[in-house]
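J.: Give the three-dimensional model of this entry:
(one chain, ligands or ions: 1)
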Amino acid sequence: MSETTVRIQDDLYQAVNGEWLKTAVIPEDKPFTGGFADLDRDVEKTMMADFRSFAEGEKTIDIPEMRYAVALYKKVLDTKRRNAEGVSPVLPLLEMIRSIKTVNELNAAAVDLYLRGVSLPVQMDVDTDMQDTSRNSFGIQGPDIILPDTAYYAEDNPAGKQLLAVYADMAAKVLAYTPLTAEEQKTFLDDTLAFDALIAKKVKSRLEWSEYYKCYNPMPTDEVAGYAAPFDVKKFLENVYGDKAPETLIVYDPKAIREMSGYFSEETFLLYIHWAYVRTLLRSTACLSEELFALGRTYTRQLMGVAADPALEKQAYLMASQAYAEPAGVYYGRTYFGEEAKKDVVELVKKIIETYKLRIERNTFLSPSTKEQAIRKLSAIVIKMGYPDEVKEIWTKLKFEEGDSLLEAMNRIAAVRRKDMLEKLFKPVDRTEWLMPGHMVNACYDPMRNDITFPAAILQKPFYSLHQSVSENLGGIGTVIGHEISHAFDNNGAKFDEHGNLKNWWTEEDFKAFEALTKEMIEQFDGIEFHGGKVNGELVVSENIADNGGMGVTLEIMHTLDKPDYQAYFINNARVWCMKAKEEYIQLMLANDVHSPHELRANICPRNFPEWYEAFGVTENDGMYIVPDKRISIW
Ligand SMILES: [Zn+2]
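T.: Below you'll find the model as predicted:
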């Protein structure tokens, strides 16, 4: 047997991860393994053991909200009851949907349906107002479709047809459990597919959603109501808010709303009812019998390329820790995250922000006034590290009755959350809210709060360890921190100011220069072949700008170290991107995800920096070489 022959200079990702990739086995119930997924699996294992101890009374629960999480966990495990009840817990809600015979009746029941989680002809929510992030506003958009993106509905998209066939087959089997006659079952299913195809012609594609600042389209409520009729938006608002109904709505998806008559009208009303019925039924299977749970996951398994569902105990943990995400995250953080690590990483974030400022000052494409604004934005970034100090009030309200079926409990929790969200319309934005719980292996930047969140769960090896070298930590968590900060200045984030308000702080000329660099970044990735598909450079540009910025700023810090180890830096960076995935999942991500495939994130980004060439003596004869004038550095 020969040793691995891949040279680091030709393919960093393969050279670092190749041996592992050869033998790694993707768990049956997961679409991928390695890197992020390994940490995720470890967190899951730890937390599952704790949930088990809580449920069995071996461990006392000192976070009150966790009591409900554990009670919900037990409900999932109670398969005796779930299996005995079968489909029955969802039947009253299905009957309610089916009994709606006219659009007027739909309008009268809309708020009730909304709180019960039934999809209406429009989606509505209350969220931070992009232009004035101190307050909330009421937003509206078209419904979600069955397939992952509108592009799957194109005539020449074989994946779309295949997925719809799997969905239809699954839906037919689940519908057979309902009291509908065989003929009705067929009509309901046909109508569901027909209605979804109509919606798909109007709603935004993934690519359009990726430019999220374009979601901000204030429109008078009267105008929206005119487009949405016969669905009565004004009545919905009046039923929720009385005489305080908002006079302006934020339309996230203007085409879907303006052309709503293309999918929802008196003529398509029945298609809608059947679509709502089928979607409610399928969504509910997650909380019904084991048989229905497995059946209802068929489409997801196909989409992700996974062979099996999570084992019952894992299902129970996942459902409970998602429904009570913040309490579970606070528990995880308090139990497993050390103060020493927290202090250390906060220091690192501060250092990265300060270094970012230096780089902005030195930057050659910005004028002094734009630089000043950018630095002001950097100074205002709020750091959320590990987990919140306390559980927010909303989580204490998520209660259910002891006698509830699993579905009733989940619906009750969801209704409280929806009600709370609607009530936020008249409350100021709470900037201390966390967007990610402590047990999540991820990190994020919130453009509207101008803050960054690093859950405790990501602050582990290979990303971060007090026992790793500083160079390794910079190549790991350092690049992630730099990445999240760079989102403040990616093609979306650049539109928001230091308070998170959608406001132009650029001179026209500076923004043009930035757009030219953005275009270069689109081209650097666009069309790269990957597993038989191609990267869409435009879809992934914001994340690539962030990766590029994250690497630039951390390499800058490397220069200030006493003994920088550039090789260790790049090797650990390639390690964090290590991933082996199911082919179906790779294709799904390639078509829909705003992130580039991990392998490319590891292999393209370093080529833009001179340190890469010096660290490994990379020359024009090597695979990971690009000519100097094609190298991009934006931030
Ligand atoms: Zn990102």
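J.: how far away is the residue in the stretch 1-150 of the chain positioned nearest to the ion from Val43?
T.: The ion sits closest to Phe36 of the stretch 1-150 of the chain, with a gap of 12.6 Å, by C-beta to the ion. To be clear about C-beta, it is placed using only N, CA and C from the backbone, and glycine gets the same treatment. The spacing between Phe36 and Val43, counted by C-beta to C-beta, to the nearest Å, is 11 Å.
J.: ranges for the strands of the stretch 101-250 of the chain?
T.: Secondary structure of the stretch 101-250 of the chain (DSSP state E, counting those that start in this stretch): strands at 123-128, 136-141, 218-220, 248-251.
J.: now those as CSV including mean pLDDT and mean neighbour count?
T.: Formatted as CSV, the strands of the stretch 101-250 of the chain follow (pLDDT from 0 to 100; neighbours: other C-beta atoms under 10 Å):
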stretch, mean pLDDT, mean neighbour count
strand 123-128, 98, 19
strand 136-141, 98, 22
strand 218-220, 98, 14
strand 248-251, 98, 22
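J.: mind giving me JSON lines with the ones you listed and columns for distance to the ion?
T.: Below are the strands of the stretch 101-250 of the chain laid out as JSON lines (distance: least, C-beta to the ion, whole Å):
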{"stretch": "strand 123-128", "distance to the ion": "19"}
{"stretch": "strand 136-141", "distance to the ion": "23"}
{"stretch": "strand 218-220", "distance to the ion": "27"}
{"stretch": "strand 248-251", "distance to the ion": "24"}
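J.: With distance to Arg67 added, can I get those strands in TSV?
T.: Below are the strands of the stretch 101-250 of the chain laid out as TSV (distance: least, C-beta to C-beta, whole Å):
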stretch	distance to Arg67
strand 123-128	29
strand 136-141	30
strand 218-220	42
strand 248-251	37
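J.: Around the ion, pick out the residues from the stretch 401-550 of the chain.
T.: Residues of the stretch 401-550 of the chain lying close to the ion (C-beta under 5 Å from the ion) are 543, 546.
J.: need the strands for the stretch 401-550 of the chain, in chain order.
T.: Ranges of strands within the stretch 401-550 of the chain are 444-446, 451-455, 529-530, 533-534, based on DSSP E, counting those that start in this stretch.
J.: and among those, the most buried is which?
T.: Highest mean neighbour count among the strands of the stretch 401-550 of the chain (mean count of other C-beta atoms under 10 Å): strand 451-455, with a mean of 25.
J.: what helices or strands is that one leaning on?
T.: Strand 451-455 makes packing contacts with helix 339-362, strand 382-386, strand 444-446, helix 479-486 when contacts are defined by 3 or more C-beta pairs under 8 Å, 6 or more residues apart in numbering; DSSP states H and E.
J.: Need the contact partners of the shortest one.
T.: Outside strand 444-446, the residues that touch it by C-beta atoms under 8 Å, 6 or more residues apart in numbering are 435-436, 451-453, 484-485, 487-488, 493, 500.
J.: Drop anything exposed from those.
T.: For the contacts of strand 444-446, a neighbour count by 16 or more other C-beta atoms under 10 Å gives the buried set as 436, 451-453, 484-485, 487-488, 493, 500.
J.: Reformat these as CSV; add pLDDT.
T.: Formatted as CSV, those follow (pLDDT from 0 to 100):
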residue, pLDDT
Met436, 97
Asp451, 96
Ile452, 96
Thr453, 96
Glu484, 96
Ile485, 97
His487, 96
Ala488, 96
Gly493, 94
Gly500, 97
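J.: between these, which is closest to the ion?
T.: Nearest to the ion among those is His487, at 5.6 Å by C-beta to the ion.
J.: Quick check: the closest one touching Asn544?
T.: No: His487 lies out of contact with Asn544 (C-beta atoms under 8 Å); the separation is 11.6 Å.
J.: before we move on, the earlier item: list just the nearest of the contacts of strand 444-446 to Asn239.
T.: Leu435 (29.6 Å; C-beta to C-beta).
J.: Identify the residues contacting the closest one.
T.: Leu435 is in contact with 444, 446, 453, counting by C-beta under 8 Å, 6+ apart.
J.: Once you drop chain neighbours, what's closest to Asp404?
T.: For Asp404, ignoring the flanking residues on the chain, the nearest one in space by C-beta to C-beta, 6 or more residues apart in numbering is Arg412 at 6.6 Å.
J.: In contact with the one you found, which residues?
T.: By C-beta under 8 Å, 6+ apart, the residues touching Arg412 are 399-401, 404.
J.: In the stretch 401-550 of the chain, where is pLDDT below threshold?
T.: Along the stretch 401-550 of the chain, no part satisfies pLDDT under 70.
J.: Please work out which of the helices and strands packed on strand 451-455 is packed deepest.
T.: Counting by mean count of other C-beta under 10 Å, helix 479-486 has the highest mean neighbour count of these, with a mean of 26.
J.: so how many other residues sit close to whichever residue of the stretch 201-350 of the chain sits closest to the ion?
T.: As assessed by C-beta to the ion, the ion sits closest to Ser210 within the stretch 201-350 of the chain, at 11.6 Å. When neighbours are defined as other C-beta atoms under 10 Å, Ser210 has 21 of them.
J.: how about the nearest residue to it, chain neighbours excluded?
T.: Leaving out its chain neighbours, the residue that sits closest to Ser210 by C-beta to C-beta, 6+ apart is Val594, at 5.2 Å.
J.: From Glu538, how far off is that neighbour?
T.: 10 Å.
J.: Now the common contact residues for these two.
T.: What both Val594 and Glu538 touch, as defined by C-beta under 8 Å, 6+ apart, is the set Ser210.
J.: pLDDT below threshold where in the stretch 101-250 of the chain?
T.: For the stretch 101-250 of the chain, no stretch has pLDDT under 70.
J.: residue boundaries of the helices in it?
T.: All helices of the stretch 101-250 of the chain, identified by DSSP state H, counting those that start in this stretch, fall at 103-115, 158-175, 182-200, 206-210, 221-228, 233-241.
J.: From the rest of the structure, what touches the first one?
T.: Residues outside helix 103-115 that contact it (C-beta under 8 Å, 6+ apart): 96-97, 100, 120, 124, 230-232, 235-236, 239-240, 266, 269, 273, 276, 415, 418-419.
J.: same thing with the last one?
T.: Helix 233-241 has contacts (C-beta under 8 Å, 6+ apart) with 107-108, 110-111, 114, 122, 124, 138, 140, 221-222, 224-225, 245-246, 249, 422, 425.
J.: Same question for that helix: list its buried residues.
T.: 233-237, 239-240.
J.: Which ones, among those residues, also lie beside the ion?
T.: Counting by C-beta under 5 Å from the ion, no member of these reaches the ion.
J.: Need those in a markdown table (columns: distance to Arg81).
T.: A markdown table is the format used below for those (distance: C-beta to C-beta, whole Å):
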| residue | distance to Arg81 |
| --- | --- |
| Val233 | 40 |
| Lys234 | 43 |
| Lys235 | 39 |
| Phe236 | 36 |
| Leu237 | 39 |
| Asn239 | 35 |
| Val240 | 34 |
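J.: re earlier: drop anything exposed from the contacts of Arg412.
T.: Buried members of the contacts of Arg412, counted by 16+ other C-beta under 10 Å: 400, 404.
J.: and the contacts of Arg412 as a markdown table, adding distance to Val382?
T.: Putting these into a markdown table (distance: C-beta to C-beta, whole Å) gives the following:
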| residue | distance to Val382 |
| --- | --- |
| Lys399 | 31 |
| Phe400 | 34 |
| Glu401 | 39 |
| Asp404 | 38 |
